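In: Turn this into a structure:
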Amino acid sequence: MGHVEVGHLTYVLPDGRPLLNDVSFRIGEGVKAALVGPNGAGKTTLMRLIAGDLQPVDGSVASSGGLGVMRQFIGSLRDGSTVHDLLLSVAPPAVRTAAERLDKAELAMMERDDEKTQMRYAQAITDYTDAGGYEIEVLWDTCTVAGLGVPYDGCKYREVSTLSGGEQKRLVLEALLRGPDQTLLLDEPDNYLDVPGKEWLEQQLNETPKTVLLVSHDRQLLANAANRIITVESGNVWIHGGGFGTYAEARRARNERLDELRRRWDEEHAKLKALVLMLREKAKYNDGMAPAYRAAQTRLRKFEEAGPPEETPSEQNIRMRLKGGRTGKRAIVCEELELTGLMRPFSNEIWYGERVAVLGSNGSGKSHFLRLLSGEQVAHTGVAKLGARVVPGLFAQTHARPDLTGRTPVEIVMTEHARLKNEAMKILARYELAGRVAEQRFATLSGGQQARLQILLLELSGATLLLLDEPTDNLDLASAEALQAGLDAFEGTVLAVTHDRWFAADFDRFLVFGSDGTVYESPEPVWDEARVVRPR
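Out: Model prediction:
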């Protein structure tokens, strides 16, 4: 069994901005704790501090039972990385080290086959065996069969880039949940999973004896699987000992209590200052009042040194103004369209103003479909064409935006959309991306901040067709609600791939990509398409 203990942790960002201040909490054995809070509050940073990826300015982190880590963007390996590399990245450190030595020894054997090289290779094999490398490969075989339907030997050299986001997540989750580490850090493990995958994850979290700290914005998963809620906001944390079902009421009661404590502190502060002023005036004419005046000064100084109670966290105020514009009646026309190797040919029409949710299993071609409509080169046969005046704008599922790498939000808005800096900052402020966040490089933004920036760029682009690939995955609750409000006011067509049960409820039509390669419409959301009996 494992545990995590964080003691007086303080972290300052490279730009000098304090992010976490004197954070302390403990997650006991077998507890399933969820980190929640606004995008950019420090959830992922806190996870990276616990994992050892970052070093705090002050404080300590302790854990037991081995630490298995799923990072927010698990597919961010080097180009050409394989399934083997992905599984190795979440293996215990001893296995990773031994595997690296074995790889080097194998390369050396290919270059020269002398006795010294052979001895090094033999030693590397022994070290890999002693570290449990071959044992864990047996485990990986179980994981790849469960996650991909293929034995490990049949897919270990397959490039990770050929897997969908959901397949990558499922594979890593299988490895961590089945692996030896007894403490797991899971940063948004439900992202890219389809609903059956999320239900599987909920069941696994409920059944595993391991200690789990996870970050998620999926309210249903939090309600079904978390028994502790740790909120990160205003540089610190507070813990709700119950589940997510009672969290909203607990947060409201806490904020009301903080408001009341601050009101009482302000009242007492005002009384003490008034007392000091009164006694000072009296002491000018009456030496007998001097001791009382000095005592009041001391009392006021100590009161101010103790400081006010914790401030009530400010509520988020995100305003998305997605405009769009009038287009031809037929926004999208598909005629016998087939994405090579992913689906059977299908025909469909999507009309101006419709909200169409694209549902289906992972790896069925949904993301490829959106990329094709956005103008990217995707292997296909048949026809997929856009109507008159339809301008597509794509929200990328994995936030892979090479065009934004190395640039700041304010630079992007100013250079690509011809805005003055003051105007750019006002626009960024509507998305809570102003201030120092506006000067951060894209790669250093949180997942939610990157998502909000992508949505802002869609707003500024003049797109009349929004192609949204899992847009709510990294958005906190307030941001997701702001997106929903923005889409309600959008004068255009929306096509969204989603596994968010709450988000999908507002859509008009549901285009389902079946696991058997068929593409069909359903009048209601279909989360497990195998349960739907379709006429032949």
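In: State the number of residues packed around Gly492.
Out: 24 (other CB atoms under 10 Å). Any C-beta I mention is one placed from the backbone N, CA and C, and that applies to glycine too.
In: got it, and Ser461?
Out: 15.
In: Ala62 too?
Out: There are 11 residues near Ala62, going by other CB under 10 Å.
In: From what I see, it and Gly2 are in contact.
Out: No: taking CB atoms under 8 Å as the contact criterion, Ala62 and Gly2 are not neighbours in contact, 10.7 Å apart.
In: Send me stretch 57-74 as PDB with only the CA atoms.
Out: Provided in PDB are the C-alpha atoms of stretch 57-74 (Å, rounded to 0.1, in the frame of the first residue of the first chain):
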ATOM      1  CA  VAL A  57      11.400  26.500  -3.400                       C
ATOM      2  CA  ASP A  58      10.600  25.100   0.000                       C
ATOM      3  CA  GLY A  59       8.800  22.100   1.600                       C
ATOM      4  CA  SER A  60       9.000  18.400   1.100                       C
ATOM      5  CA  VAL A  61       7.200  15.500  -0.600                       C
ATOM      6  CA  ALA A  62       7.100  11.900   0.600                       C
ATOM      7  CA  SER A  63       5.500   8.800  -0.800                       C
ATOM      8  CA  SER A  64       5.600   5.100  -0.300                       C
ATOM      9  CA  GLY A  65       4.900   1.900  -2.300                       C
ATOM     10  CA  GLY A  66       6.500   3.100  -5.500                       C
ATOM     11  CA  LEU A  67       5.200   6.000  -7.600                       C
ATOM     12  CA  GLY A  68       3.500   5.400 -11.000                       C
ATOM     13  CA  VAL A  69       2.900   8.600 -13.000                       C
ATOM     14  CA  MET A  70       0.600   9.400 -15.900                       C
ATOM     15  CA  ARG A  71       1.400  12.800 -17.200                       C
ATOM     16  CA  GLN A  72      -1.100  15.200 -18.800                       C
ATOM     17  CA  PHE A  73       0.200  14.700 -22.400                       C
ATOM     18  CA  ILE A  74       1.400  11.100 -22.400                       C
END
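In: quick one: the helices in the stretch 151-300 of the chain?
Out: 152-155, 165-178, 195-207, 219-225, 247-285, 290-306 (DSSP state H, counting those that start in this stretch).
In: Next, the buried residues of the fifth one.
Out: Pointing back at helix 247-285 there. Tyr247, Ala250, Arg251, Arg254, Leu258, Leu272, Leu275, Val276, Leu279, Ala283 (16 or more other CB atoms under 10 Å).
In: Could you tell me how far it lies from the centre of the chain?
Out: For helix 247-285, the separation from the chain centroid amounts to 39 Å (computed by CA atoms, centre = their mean, to the nearest Å).
In: what does the helix or strand hosting Glu411 rub up against?
Out: For Glu411, the enclosing helix or strand under DSSP states H and E is helix 409-417. Contact with helix 409-417 is made by 404, 419-421, 424-425, 427-428, 433, 437-440, 442, 445, 453, 456-457, 460, as judged by CB atoms under 8 Å, 6 or more residues apart in numbering.
In: Let's verify the residue nearest the centre of the chain: helix, strand, or coil?
Out: In the chain, the centroid-proximal residue (CA atoms, centre = their mean) is Asn474; its distance is 4.0 Å. Recorded secondary structure, Asn474: coil (DSSP: H, G, I helix; E, B strand; the rest coil).
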